[in-house]
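Asks: Need a 3D model of the following:
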Amino acid sequence: MAGDKIYNTFLKRQLEDGMRLASESDILELVPAPGDPPDRYAAVFHCKGLVKDRDGTIREADTFAAQIWFPPEYLRHAEPAQIITWLGPVNVFHPNVRPPFVCAGRLPPATRLVDLLDQLHQIITYNKAHMADNGLNAEASAWARRNADRFPIDSRPLKRRRLDIRVRVTGKAVTP
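Replies: Prediction:
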């Protein structure tokens, strides 16, 4: 579908919007794959989430990565397991993640890159967690139900907040 004008326009817009989000984030590194326009991205999140060590210890970690791919039929059909692939860490501990699979919820065709990145951020930080017994990781689901008071693990927003500081000068300035 290299000649599909609508698909290529969609991909160009995803690149623009995704790179803008990354530039406005203290958390996200976004690396487009080669291609003009690219149809894949590696997303690295520098935020707090959970991992489970070999000894069973559940602890915080601060770097997580996933790949997002927009296959040629993406504007008509989206298969979540095909779109998002968990890259690491492999010992991530979350109800919605069982590497390489991520359950990001309902994924309509043409879902924007920035929306997928936001969903991944919410998952990693436990702002979004499917805690039912039928999640991808039943053990993490049960643990999350017992520890819901700990969430979110990281409350920082994906996009840096703008400060609107206004200073009003009243009176005369005094010089020494």
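
Asks: does the residue nearest to Thr85 when sequence neighbours are not counted sit in a helix, a strand or a coil?
Replies: Distance criterion Cβ to Cβ, 6 or more residues apart in numbering; nearest residue to Thr85, sequence neighbours excluded, is Gln67 at 4.4 Å. In short, each C-beta sits where N, CA and C put it, glycine included. Counting by DSSP: H, G, I helix; E, B strand; the rest coil, the backbone at Gln67 sits in strand.

Asks: And the closest residue to Trp143 other than its chain neighbours, how far from Lys48?
Replies: Leaving aside its sequence neighbours, Trp143 sits nearest to Ile58 (Cβ to Cβ, 6+ apart; 6.8 Å). For Ile58, the distance to Lys48 equals 13 Å [Cβ to Cβ, to the nearest Å].

Asks: and if you look at Asn8?
Replies: Distance from Asn8 to Lys48, by Cβ to Cβ: 37 Å.

Asks: Give me the more crowded residue out of Ile58 and Lys48.
Replies: Lys48 (19 against 14; other Cβ atoms under 10 Å).

Asks: residues touching the most centrally placed residue in the chain, list them.
Replies: The residue lying closest to the centre of the chain (Cα atoms, centre = their mean) is Leu120, at 2.8 Å. If you count contacts by Cβ atoms under 8 Å, 6 or more residues apart in numbering, Leu120 has them with Ala43, Phe45, Phe64, Ala66, Ile84, Val102, Ala104.

Asks: Now with 6 Å, please.
Replies: Ala66 (Cβ atoms under 6 Å, 6 or more residues apart in numbering).

Asks: Check which element follows the helix or strand containing it along the chain.
Replies: Element membership of Leu120 [criterion: DSSP states H and E] is helix 113-124. Sequence-wise, the next helix or strand downstream of helix 113-124 (DSSP H and E) is helix 138-146.

Asks: Off-centre distance for that following helix?
Replies: Relative to its parent chain, helix 138-146 has a centroid offset of 21 Å by Cα atoms, centre = their mean, to the nearest Å.

Asks: residues of that helix that come out buried?
Replies: Ala140, Ser141, Trp143, Ala144 (16 or more other Cβ atoms under 10 Å).

Asks: Show me what that helix is packed up against.
Replies: Applying 3 or more Cβ pairs under 6 Å, 6 or more residues apart in numbering; DSSP states H and E, we find helix 138-146 packed against no helix or strand.

Asks: Alright, I will stop here.
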